[in-house]
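A.B. asks: Fold the following and give me the result.
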Amino acid sequence: MRLSVSPWVFLGRLLLFFFVTYLLWQPVAPSYTQLLYYASRAGVWLAELSTDPLWHGGTTLVTRGTAIFYTHRNFAAFDPPIPPQGIPAEWVMANLVLLVPLMLATPAPSWRARFTRLGMALGVALVLQVADVVVAIKVFYASTFRGYWSRGAYDFYQFLDAFFQSWDTQLFPFAIWAGIHFRQLLGSRTAAEPPSGVTRSHPSAPLPPQPTTKAKRRRKPRKR
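C.D. replies: Alright, predicted model coming up:
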């Protein structure tokens, strides 16, 4: 269903929800960090399902404030041992400060539909945030333990790390928002223009009413 809205109304709603989200995010961030921590533990566990016993399930995650720290059992093999490495969780989840206002400011048939779409967007964002944490850990491992990682794996994780850092804060929220509202965003174009190769049909003039009974033929007078 296409819902029309004024651009200025949408901008006003977006700024209002952005201001409210920005104020509420600081007290909510520690709780969301715990959610990201547990989800990242599952993501790291899946990423370390390796047949190599050296790397199978060797990472341990802990949280301190709004940061996620990780360590590996191979860190102790160094002299001196490598200390736990930290990932600022507020950087990873900063995209929500833009995603939430975008989802709430977009018109929807009802507030229930609006919050349903917001839940879908938060689910996609959480998956991407977990991937961000996993990639950050893998990049450090590939850089530190160069002898145990191939050149291809090192380049692959370096590329993913640069990709996520470029997209994370600004572009991921817009990509998620546009993906969920894809039909709604195309509604104005599809409603105004016909599909390619199809011409608009013009209404034709109504046909005159057809007689319901046949007219009787007139008999010609017989000649005597």
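
A.B. asks: alpha carbons only for contacts and neighbour counts from here, please
C.D. replies: Fine.

A.B. asks: Okay, buried residues for the helix or strand that contains residue 122 please.
C.D. replies: With elements taken from DSSP states H and E, the one containing residue 122 is helix 111-144. Counting neighbours by 16 or more other CA atoms under 10 Å, one finds that the buried residues in helix 111-144 are 114, 117-118, 121-122, 125-126, 128-139, 141-142.

A.B. asks: Quick one: list the elements packing against that helix.
C.D. replies: On a contact count with 3 or more CA pairs under 8 Å, 6 or more residues apart in numbering; DSSP states H and E, helix 111-144 meets helix 7-47, helix 89-92, helix 96-105, helix 151-167, helix 171-180.

A.B. asks: Using TSV, lay out those helices together with mean neighbour count.
C.D. replies: Putting these into TSV (neighbours: other CA atoms under 10 Å) gives the following:
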stretch	mean neighbour count
helix 7-47	16
helix 89-92	19
helix 96-105	22
helix 151-167	15
helix 171-180	18
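
A.B. asks: which ones are touching the most centrally placed residue in the chain?
C.D. replies: Centroid-nearest residue in the chain, with CA atoms, centre = their mean: residue 176, separated by 2.7 Å. If you count contacts by CA atoms under 8 Å, 6 or more residues apart in numbering, residue 176 has them with 99, 121, 124-125.

A.B. asks: about what we covered before: adding mean pLDDT and distance to residue 54, write the helices and strands packed on helix 111-144 out as CSV.
C.D. replies: Below are these laid out as CSV (pLDDT from 0 to 100; distance: least, CA to CA, whole Å):
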stretch, mean pLDDT, distance to residue 54
helix 7-47, 92, 14
helix 89-92, 88, 27
helix 96-105, 94, 36
helix 151-167, 85, 16
helix 171-180, 90, 34
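
A.B. asks: would a markdown table of those helices with distance to residue 80 be doable?
C.D. replies: Shown next, in a markdown table, are the helices and strands packed on helix 111-144 (distance: least, CA to CA, whole Å):
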| stretch | distance to residue 80 |
| --- | --- |
| helix 7-47 | 25 |
| helix 89-92 | 27 |
| helix 96-105 | 38 |
| helix 151-167 | 24 |
| helix 171-180 | 39 |
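
A.B. asks: Nearest to residue 70, out of those?
C.D. replies: Distances from residue 70 to each of those were compared using CA to CA; the shortest belongs to helix 7-47, at 10.0 Å.

A.B. asks: how near is residue 160 to residue 154?
C.D. replies: With distances taken as CA to CA, to the nearest Å, residue 160 is found 10 Å from residue 154.

A.B. asks: Kindly apply the preceding question to residue 109 instead.
C.D. replies: Using CA to CA, residue 109 is found at 47 Å from residue 154.

A.B. asks: what do you get for residue 77?
C.D. replies: Counting by CA to CA, the gap from residue 77 to residue 154 is 21 Å.

A.B. asks: Over to residue 40?
C.D. replies: Applying CA to CA, the value for residue 40 to residue 154 is 21 Å.

A.B. asks: And the contacts of stretch 74-93?
C.D. replies: Taking contacts as CA under 8 Å, 6+ apart, the residues outside stretch 74-93 that touch it are 29, 33, 54, 58, 66-71, 129, 132-133, 136, 168-169.
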